[in-house]
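1. sequence isn't available, so here's the structure alone:
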């Protein structure tokens, strides 16, 4: 499709839905192949290079079209959609992808567990086959959006008698099914952005499986690579936490202190280097899926956020000790800039945990990017045999 033809199509679609319902507009955008343009035709895309997405999004914005549902459906857009495209059946793609893009179905991710720490392969949640279904029992934790989600991507152990990486299977779980219980977890910000989730003999049909039984580790690894790119990718010049910091410096000259200026400039330059590195990485991903290199972007994202918010509080002094709301509340979307400086500082602490801890990601970079020797492992036994002494 020629650029002019594509631009005209975007203008017509935006004009048609400029004053209408956002969900109808997003559905029409999906049907036109202008949702995720690198997806195949019939599944929200046109088979174009990934780099065309930014231009298409900018064109819709220029014509005043409504925003996408990404802010409300972060897991759906960033993790569920690409993994369903890669490992799902035609029926799963046809049923689920459009509703993800329109925001009709909110998604969450059921990976982390209380006893597994940062070792995702130590999942203890069990899925036992029962005819055409699987019975799932276990507990997940730190699950964002579980209280609003219709669907979840779920990693469960289906074979405890093989090595822990080989005994995992990946499912799509209905969060409204009998036996699912969601409990809020209060964060340091006073919010309840995430939850713990309990499964008690929850029936998951075999048709909701992604990949083959025992292939769960490979599907999960692909999900995590997409997650790290979704968390850290897509930065614009002076965006995110560095935008709040730079804005404070410009707008409050009475707070400026020469000793802090050098730190501000260093962080600003590092944010620009991070942005350019991310753009280069996205260019390298045109023909493939995110790889382990995304771990570096995620580590940098977390560090910059934490250092920027700490400097913002230092500039504010006593004023920075104020916190707007310690009550238990449910954020309506994932927005790291929501609230004031204290909220940003507290919330940024989670950036080095969510999407893989920075310690684990450094191991990923060392072993899978730099080719350094792997750390010794003492957990080679199947889970049913217990841990080695």
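-> Happy to help now that I have it. This one's a predicted model, so the numbers in the text were calculated from it and none came from an experiment.
2. quick one: contacts for residue 184?
-> The contact partners of residue 184, by Cβ atoms under 8 Å, 6 or more residues apart in numbering, come to 147, 192, 195, 328, 330. (Each C-beta comes from the backbone N, C-alpha and C, glycine too.)
3. the first one is in contact with residue 181, isn't it?
-> Spelled out, that is residue 147. No: Residue 147 lies out of contact with residue 181 (Cβ atoms under 8 Å); the separation is 11.0 Å.
4. higher neighbour count, these two?
-> Between residue 147 and residue 181, counted using other Cβ atoms under 10 Å, residue 147 has the larger neighbour count: 18 against 13.
5. give me the nearest residue to that one, chain neighbours excluded.
-> Spatial nearest neighbour of residue 147, excluding adjacent residues (Cβ to Cβ, 6 or more residues apart in numbering): residue 182 at 5.3 Å.
6. show me how far whichever strand or helix holds the one you found is from its chain's centre.
-> Using DSSP states H and E, residue 182 falls within strand 180-185. Strand 180-185 sits 20 Å away from the centroid of its parent chain (Cα atoms, centre = their mean, to the nearest Å).
7. tell me which strands that strand pairs with, and in which orientation.
-> In the sheet, strand 180-185 lines up against strand 194-205 (antiparallel) (DSSP bridges).
8. now do the strand it pairs with: everything it contacts.
-> With contacts defined as Cβ under 8 Å, 6+ apart, strand 194-205 is touched by 110, 114, 125, 127, 130, 132-147, 152, 154, 171-174, 177-185, 187.
9. can you check stretch 11-23 too?
-> Residues from elsewhere that reach stretch 11-23 (Cβ under 8 Å, 6+ apart): 24-25, 28-29, 32, 34, 59-60, 63-67, 69, 102-104.
10. what is the longest helix of the protein by residue count?
-> Among the segments of the chain that qualify as a helix by DSSP state H, the longest is helix 258-284.
11. would you mark the buried spots in the helix or strand following it?
-> Following helix 258-284 in sequence order, the next helix or strand is helix 294-316 (DSSP H and E). Under the neighbour-count criterion of 16 or more other Cβ atoms under 10 Å, helix 294-316 has 294-313, 315-316 buried.
12. where does pLDDT dip in this structure?
-> The model of the chain has pLDDT under 70 over residues 1-2, 18, 117, 227-235, 282-293, 324-328, 332-336, 338, 378-380, 386-389.
13. if you set the cut-off to 50 instead, what comes out?
-> By pLDDT under 50, the weakly predicted segments of the chain are 1, 232, 287, 389.
14. how distant is the host helix or strand of residue 11 from the center of its chain?
-> According to DSSP H and E, residue 11 maps onto helix 3-16. Between the centre of helix 3-16 and the centre of its chain there are 30 Å (Cα atoms, centre = their mean).
15. could you number the chain from 28 rather than 1 from now on?
-> Got it, first residue is 28 now, which makes that one helix 30-43.
16. quick check: phi and psi on residue 264?
-> The phi/psi pair for residue 264 (degrees, to the nearest 10) reads phi -60, psi 130.
17. just confirm it contacts residue 295, I think it does.
-> No: shown here, residue 264 and residue 295 do not form a contact pair, counting by Cβ under 8 Å, at 10.1 Å.
18. so which of those two has more stuff around it?
-> Under the criterion of other Cβ under 10 Å, the comparison of residue 264 against residue 295 puts residue 295 first, with 17 against 10.
19. the more buried one against residue 270, yeah?
-> No: Residue 295 lies out of contact with residue 270 (Cβ under 8 Å); the separation is 10.0 Å.
20. what strand or helix carries the residue nearest to residue 64 when sequence neighbours are not counted?
-> Counting by Cβ to Cβ, 6+ apart, the nearest residue to residue 64 once its immediate chain neighbours are dropped is residue 75, at 4.5 Å. Under DSSP H and E, no helix or strand contains residue 75.
21. am I right that residue 103 sits in a helix?
-> Yes: counting by DSSP: H, G, I helix; E, B strand; the rest coil, residue 103 is part of a helix.
22. what about the closest residue to residue 59 other than its chain neighbours, how many neighbours?
-> Using Cβ to Cβ, 6+ apart and skipping residues adjacent in sequence, the residue nearest residue 59 is residue 40, 6.1 Å away. When neighbours are counted by other Cβ under 10 Å, residue 40 registers 19.
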